[in-house]
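J.: using only what follows, build the 3D model:
(3 chains)
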Amino acid sequence: MSSEYRKFKRKFLKNPLNIICSLIFIFFLLVAFFPSFFAPYNPLTMDPDSFMSPPSSQHWFGTDQFGRDILSRIIYGVQGSLFIASMAIVFASIAGTIIGSVSGYFGGAVDNIIMRFIDAMFAFPSIILALFIIALFGATIRNLIIAIGIIYIPIFSRTIRGSAISIKQNLYIVSARSIGKKSSKIILTDIIPNISSIFIVSFTTNFSTAILSEASLGFLGLGVPPPYPTLGRMVGDGNNFLLSAPWITLFPGLIIAVIVLSINIVGDGLRDTLDPKN
Amino acid sequence: MKLAYIIGRLISAIPTIIILTLFVFIAIHMVPGDVIDIMLGTQNFLSEEQMQELYVKYGLDKPVAVQYLVWLKNMVTGDLGTSIRTGEKVTSMIAQKFPVTFELAFLSIIFSIIIGIPFGIISAVKKNTKTDYSIRFLGLIGLSAPVFWIGSLLIVFISGTFVNYTLFGFVPFIQEPLKNLQVMLVPAITLGLMVAAQIMRMSRNSMLDVLSQEYIKVAYAKGVSKRKIIMKHALRNALIPVVTIAGIQLGYLIGGTIIIEKMFALPGMGRLLLQAVNQRDYPVVQGIVTFIGVMIILINILVDILYSVIDPRIDLN
Amino acid sequence: MKKNLVISIFLVLFIAISVFGVNYGGTLNYAIATEAVGLDPNLVTAFASFRILENVYDTLLKYDESMNIVPGLAESYEIVDPTTIVFTIRDGVKFHDGTPLTVDDVAFTFERILDENYGSPAASNFAEIESIKIIGDNKIEFKLKISMMNALLPNFTSGNTAIVSKAFVEGGANMQLETNGTGPFYISDYKAGNYIELKKNENYYEEGLPYLDGIKFHIIPEEISRVSAIRNGDVDLASLDEPTSVGMLAGNYKVFKQPVLNYYLLGINTAVKPLDDPKVRQAISYALNRENIIKMVAFGEGTVTGPMNPTVTAWALPPEDFAIYDTNIEKAKELLTEAGYPNGIEFSITCSAQYSFDKIAQVIQAQLAEAGIKVNIDLVEWGIFIDKWKKVDFDSFVSLNGGAVEPDKQFYRTFYSTGSTNKFNFSNEKADELLDAGRETVEYEKRKEIYDEFQKLIVDESPIIFLYCSNNIYAGQKSVEGFKTMSNGSLTFLREVWLNK
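T.: Predicted structure coming up:
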């Protein structure tokens, strides 16, 4: 195990891009965990005397419509966005792993019924699905997490199901079944641990798109309740001012791009390293 | 054999569609605020009796289960009902809007293929070189920013730089092909950037797969030139999985153009759906979601068939 | 007399010059944000529908630029006695299909509006009508149950009372999709989600109008896209939401700003604690700084308003007359202590994300925090907002109310204890008395006194905390001439627009 880990580490770190992006991501994680350490101002304090002021030495990223410091709002927004996206993906991946492995392992009618539901979810335009959930249960952070999570359940279910089916063919599982090992036990002890690399890769890629989903919902006015910032909401709210006060939407947009890009590159790196073909 | 497969797939699509329509029906009726309330807004001066008359007029006084069955029965005969807000037939609304959305999705896919495949191949051939890294880096940028953000940046950039470029004012392709393409170009690129990154990644991976195959190695050993190997032998096989991705993305885009349509003021189905949900125009919402669902399922089946046509090794059974 | 003559000559000259200086023809491309929802004038409620329909249909009476009521399809009207009014219908007016307008069409339209099975939002405006009768070839008489002429007249200018063709409706036309009006333009093409195209009505009854051959309304939802469409010349004229957009257009483009009657408000459910105490509501008003709300939400493009907008109506009492409009945090805290809440209060504001409601709520939240009032913002989707509004399921809400120049229209249904849009659980005997008196009084001086008293009462009670009226913003190319804006947001003066190209 430890030699395998070392091999993985060596391979992953061979690419300098992987190192840089991992560091960037770790930096943003720190920002998310300790926003009060980084933020120069209270992100909620309004100032009617200096609203929409361009970047300056006092406000590095300028101020928004209400005179709130954009840098500070971005810092808290990173926390909000990363929290929402990660919780949504945790929720989706747990649900998706359970659904996918059960479906893949049992096959037959169970698989058929589950997959028809998954197909139907896939065929549902995702933004409208999220809109329904938020409209039904209210715009709170918890409901936003559920709404984004539900979009990703079918994606995880399908991926996990695919690998579960191929793992099922393996000799050790066939023999475990023949000696009468319980299905639930096989799924937990044999199937799920063996799909970990697929799981890790799809976790990272979907995590990055979940950050973008939050942004899209923010653009449609379906974000977290104000005044708490998330990056997506900030970009969406500032969009009307792209011509008159571009910094309001440009900076949070850039930060989203940097975070998502670094996660994507780390994800690609992980995929390359974990892929047995390489 | 093939026919039997297609029929089997179509039959298995039926329960999916029914589940989908049930989802929509329950969701749209559970969300508070109904079509009549929203129609009257906060300037509502009607009495309870007058309101009741309106519910009866639109058949909304019946239990939801009954409304669903009536709708389902009509749907089977191809009748998706009429919009409560405008009285227009839902089928004719879809017929008007779907071509716009389809064109947008289709052009995006074309753009992403033009960009994605060549770069993906180059990236694979020059694996682990600076070229490979920079292509992959650039490609990921397309996947990394909110699509509406890129869209607004492009709108502002183009309207400020190319003052005479027509960004808005959609016309159908058959009426004015040139203007149509001009108006569709920027939104298609915006949407296509995201898909291009995925196509690129898929082409690269699949090319790498093919290049590691035994017969390619044999060809190398025989002294066939690298260029010839890639163009003649590897490319065809490498492109097969890319077709699947392109197909799946096309299906996804048909339901996923809402934001771009809003941004670029395109009269497509996504915007109509969003508007109908906001107005709780039940027949329109149900009709469009069902239609999108059917389209996605049909495209997936088509992709599978196409897959078996271009790769005879794949057995649909 | 002489003076009048001079003025008349000037007027004639002025009209002559302006008419001769006009270019006829051309199509105006106009960018609007929201699409018309239905085209039946007697049924629609969406502002976006009215903006189109007021160019296609006509009403018996209409507003001029300064919001005076002037004749429309009725060439004149006569108030026979306090409960009777007779309209004389204009001769020679034709519907777009070529059939002449008759008094039958007028009678039919009002029967249609009053038909209970039909659900016209205008019906309640005519609830006090006793009878409608055609008298003679071109006269129609409305009889009222009570004397309320002043309050009734503005209803005949409402887009919901536009005159439709009897034969057309009875012929089975789908009025939500098809139009047949008497207005300066007719709808020649409608591509939902894309554009609505209007063409000139050659038979329009106002001599020489309209100047344009047509108007094409392009539906462009995003603000940034509308501004860009102006910048690259895709459209000639646009309605804008954000005053800051103007900064990008000033100089090279024409910008129009128009104070409007619609007013932003914080509506309060006066039946829930702690908001049931007028002192608490006054404390909220003291803690607010309305100028700063206008500054941050509307970038200065707005006016602080009392119960009526002081910039557009003579009935209004200026906001300076109301003590509780002065920002005074100490006073707010004092009032809260008097009301028994020395440690402050907490309540929620329900709002949706359109028309800047969520932004106003955020500023209110920040301002009230200084007075120890904790506000939670409940941001909901528009449909849910309406549901909550209808069921009075809120502590308070931020919204935009349609305003009027006529005080009865402005106040009656909103503040009368049984008023249809009184969603504040507000019930005050004195207020009801004043509203009834104002409705029935004819003489201006007396009415003014009544409504002055009413305005003071309503500010003291504050079931609504009036915030501000914003300015509508329009921007256009330099070639757009003759565009006039109106305080009710109407685009009816597009008939006088011409292109200087």
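
J.: tell me where the stretch 1-150 of chain B has helices.
T.: Shown for the stretch 1-150 of chain B, the helices assigned by DSSP state H, counting those that start in this stretch span residues B:2-30, B:35-40, B:48-57, B:64-76, B:90-125, B:130-142, B:147-161.

J.: for C:V380, which of those is the nearest?
T.: Using Cβ to Cβ as the criterion, the shortest distance between C:V380 and these is 12.7 Å, found for helix B:35-40. Heads up, the C-betas are built off the backbone N, CA and C, glycines and all.

J.: now do that closest one: everything it contacts.
T.: B:44, B:46, B:51, B:54-55, B:58, B:60, B:84-85, B:278-282, C:37, C:45, C:121, C:382-383, C:386-387, C:390 (Cβ atoms under 8 Å, 6 or more residues apart in numbering or on different chains).

J.: now do the contacts for the nearest residue to C:G344 once chain neighbours are set aside.
T.: Spatial nearest neighbour of C:G344, excluding adjacent residues (Cβ to Cβ, 6 or more residues apart in numbering or on different chains): C:G372 at 3.1 Å. The contact partners of C:G372, by Cβ under 8 Å, 6+ apart, come to C:333, C:336, C:343-345.

J.: one step back: can I get the helices of the stretch 1-150 of chain B in CSV including mean neighbour count and distance to A:F51?
T.: Written out in CSV, the entries for the helices of the stretch 1-150 of chain B read as follows (neighbours: other Cβ atoms under 10 Å in any protein chain shown; distance: least, Cβ to Cβ, whole Å):
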stretch, mean neighbour count, distance to A:F51
helix B:2-30, 16, 39
helix B:35-40, 21, 34
helix B:48-57, 14, 44
helix B:64-76, 14, 48
helix B:90-125, 21, 37
helix B:130-142, 17, 32
helix B:147-161, 21, 21
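
J.: please, where are all the helices along the stretch 151-278 of chain A?
T.: For the stretch 151-278 of chain A, helices defined by DSSP H, counting those that start in this stretch occupy the ranges A:171-178, A:183-186, A:192-194, A:196-219, A:231-238, A:247-274.

J.: any idea of the mean pLDDT in the second one?
T.: For helix A:183-186, mean pLDDT rounds to 79.

J.: tell me the buried residues in that helix?
T.: When neighbours are counted by 16 or more other Cβ atoms under 10 Å in any protein chain shown, the buried residues of helix A:183-186 are found to be A:I186.

J.: and for the third one?
T.: Of the residues in helix A:192-194, those with enough neighbours to count as buried (16+ other Cβ under 10 Å) are A:192, A:194.

J.: from the chain's centre, how far out does it sit?
T.: For helix A:192-194, the gap between its own C-alpha mean and the chain's C-alpha mean amounts to 21 Å (Cα atoms, centre = their mean, to the nearest Å).

J.: and stretch B:284-296, what's its mean pLDDT?
T.: 90.

J.: about what we covered before: so which of the contacts of helix B:35-40 reach chain A?
T.: With Cβ under 8 Å from any Cβ of the partner chain as the criterion, the members of the contacts of helix B:35-40 in contact with chain A are C:G383.

J.: please pick the buried ones from the contacts of helix B:35-40.
T.: Taking 16+ other Cβ under 10 Å as the criterion, what is buried in the contacts of helix B:35-40 is B:44, B:46, B:54, B:60, B:84-85, B:278-282, C:37, C:45, C:121, C:382-383, C:386-387, C:390.

J.: next, count neighbours for residue 47.
T.: You didn't pick a chain, so chain A it is. Other residues lying near A:D47 total 17 when counted by other Cβ atoms under 10 Å in any protein chain shown.

J.: correction: the question concerned chain C.
T.: Other residues near C:F47 number 17, with proximity taken as other Cβ under 10 Å.

J.: so how far is B:L40 from it?
T.: The span separating C:F47 from B:L40 equals 13 Å under the rule Cβ to Cβ, to the nearest Å.

J.: got it, and A:S22?
T.: To B:L40, A:S22 is 56 Å away according to Cβ to Cβ.

J.: over to C:D213?
T.: For C:D213, the distance to B:L40 (Cβ to Cβ) stands at 36 Å.

J.: repeat for B:F119
T.: Plainly put, B:F119 is 54 Å away from B:L40 if you go by Cβ to Cβ.

J.: what's the answer for C:P221, then?
T.: Going from C:P221 to B:L40 by Cβ to Cβ gives 23 Å.
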